[in-house]
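Colleague: using only what follows, build the 3D model:
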Amino acid sequence: MPELPEVEVVRRGLAAHVVGRTITAVRVHHPRAVRRHEAGPADLTARLLDMTITGTGRRGKYLWLTVGDAADESGAAVVVHLGMSGQMLLGGVPNENHLRIAVLLDDGTTLSFVDQRTFGGWMVADLVTVDGTDVPVPVAHIARDPLDPLFDRDAVVKVLRGKHSEIKRQLLDQTVVSGIGNIYADEALWRAKVNGARLASKLTRPKLAELLDAAAAVMTDALGQGGTSFDSLYVNVNGESGYFDRSLDAYGREGEPCRRCGAIMRRDKFMNRSSFYCPRCQPRPRG
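Modeller: Residues are numbered from 1 along each chain as shown. Predicted coordinates:
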């Protein structure tokens, strides 16, 4: 699943090209793409038709478009689940067989949801105010992310100090801190010289703060390079891949020398995934 930088790249592209445009036609090409919208394809289509896209939003890995009209000041949100391979594309699509939803805007632009593996999808949801911020109801339980202007690092450090489980597991828990997935967790842990198997409760407050700062820094760096693309499945709204994968210091570098100390990078299995780390800079906990 795309992580925070990749989703933010998509959000920025949508903000630049579709905000202020009115939806003139909607076509659902595959029912799985709207399976999270319990009322079904016809209801989603009816709720979006003639609505104006008033804004974009993101919390962690979750993306949405706000929509409304003059008769409904409260508005609603189109929550977009990118899943493993979802793409929000402007204009033509590379493979019509993977087209799941197509929206025509009043300026003639087509906004397409393409999803090769069909794990993603759209749903229309009401907005709710949480801690002073309007978010879609399905996103209300998601914590703020390190790039959120209202992110409270010290409060998250306090939460982490009370967690008697692996620090990487906590970084991946979207109810604790959102937006950090497997790639950027490994990168942040490498930068902070922390092994992901260490218990969160055993880390000092300064070290946890350093780790959260490292997560913010690495995701900011990735955002500046358009995100991380290991294949053609993650692209921005114009179909272009990011290139932060060339700058990764930990993830995917098993058997290569650590860029900091030269030790050979290792890979361990973790939560049905892989963790990449330097055995010298990030020693595993004993016992």
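Colleague: could you list the low-pLDDT ranges of the stretch 151-287 of the chain?
Modeller: 228-246, 287 (pLDDT under 70).
Colleague: give me the element Ala77 is part of.
Modeller: Using DSSP states H and E, Ala77 sits in strand 72-81.
Colleague: not counting that strand itself, show me its contacts.
Modeller: 36, 47-48, 54, 57, 62-68, 86, 88, 113, 119-127, 135-136, 138-139 (C-beta atoms under 8 Å, 6 or more residues apart in numbering). Backbone N, C-alpha and C define where each C-beta goes, glycine included.
Colleague: same deal with stretch 187-201?
Modeller: For stretch 187-201, the surrounding residues in contact (C-beta under 8 Å, 6+ apart) are 160-171, 180, 185-186, 203, 207-208, 210-212, 214-215, 217-218, 248-251, 268, 270, 275-278, 281-285.
Colleague: can you flag the buried ones in the contacts of strand 72-81?
Modeller: Listed as buried from the contacts of strand 72-81 are 36, 47-48, 57, 62-68, 86, 88, 113, 120-125, 127, 135-136, 138-139; burial here means 16 or more other C-beta atoms under 10 Å.
Colleague: now, those residues that are in helices?
Modeller: Using DSSP state H, the subset of the buried ones among the contacts of strand 72-81 located in helices is Arg47, Leu48.
Colleague: what residues sit buried inside the strand holding Ala77?
Modeller: Gly75, Ala76, Ala77, Val78, Val79, Val80, His81.
Colleague: so how far is Gly55 from the second one?
Modeller: Here Ala76 is placed at a distance of 12 Å from Gly55 (C-beta to C-beta, to the nearest Å).
Colleague: shared neighbours of the two, anything?
Modeller: With contacts taken as C-beta under 8 Å, 6+ apart, Ala76 and Gly55 have Thr66 as neighbours in common.
Colleague: which among the contacts of stretch 187-201 end up buried?
Modeller: Buried among these (16+ other C-beta under 10 Å): 160, 163, 166-171, 180, 185-186, 203, 207-208, 210-212, 214-215, 218, 248-251, 270, 275-278, 281-282.
Colleague: can you give me the helices in the chain?
Modeller: 4-17, 41-48, 153-161, 167-171, 182-192, 205-224.
Colleague: quick one, which of those is packed in tightest?
Modeller: Sort those by mean neighbour count, taking mean count of other C-beta atoms under 10 Å, and helix 182-192 sits at the top with a mean of 25.
Colleague: that one versus helix 4-17: what angle between them?
Modeller: 120 degrees (axes from the mean of the first three to the mean of the last three C-alpha atoms, to 10 degrees).
Colleague: now helix 182-192 against helix 205-224, angle please.
Modeller: 130 degrees.
Colleague: with just CA atoms, put helix 182-192 into CSV.
Modeller: Taking C-alpha atoms only, helix 182-192 is exported to CSV below (Å, rounded to 0.1, in the frame of the first residue of the first chain):
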residue,chain,number,x,y,z
ASN,A,182,7.0,-0.7,6.3
ILE,A,183,9.4,1.3,4.0
TYR,A,184,9.5,4.5,6.0
ALA,A,185,9.5,2.7,9.4
ASP,A,186,12.7,0.9,8.4
GLU,A,187,14.2,4.2,7.1
ALA,A,188,13.3,6.1,10.2
LEU,A,189,14.6,3.3,12.5
TRP,A,190,17.9,3.3,10.5
ARG,A,191,18.3,7.1,10.8
ALA,A,192,17.6,7.0,14.6
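Colleague: domain ranges for this structure?
Modeller: Following the assignment in automatic domain parsing, the chain carries domains at 4-139, 153-277.
Colleague: ok, the nearest residue to Ala15 once chain neighbours are set aside - how many residues close by?
Modeller: Closest residue to Ala15 apart from its sequence neighbours, by C-beta to C-beta, 6 or more residues apart in numbering: Thr56 at 4.5 Å. A count of nearby residues for Thr56, using other C-beta atoms under 10 Å, gives 21.
Colleague: who does Thr56 form a beta bridge with?
Modeller: Leu65 (DSSP bridges).
Colleague: would you mind confirming that it is in contact with His17?
Modeller: No. Between Thr56 and His17 no contact is recorded; they are 10.2 Å apart, counting by C-beta atoms under 8 Å.
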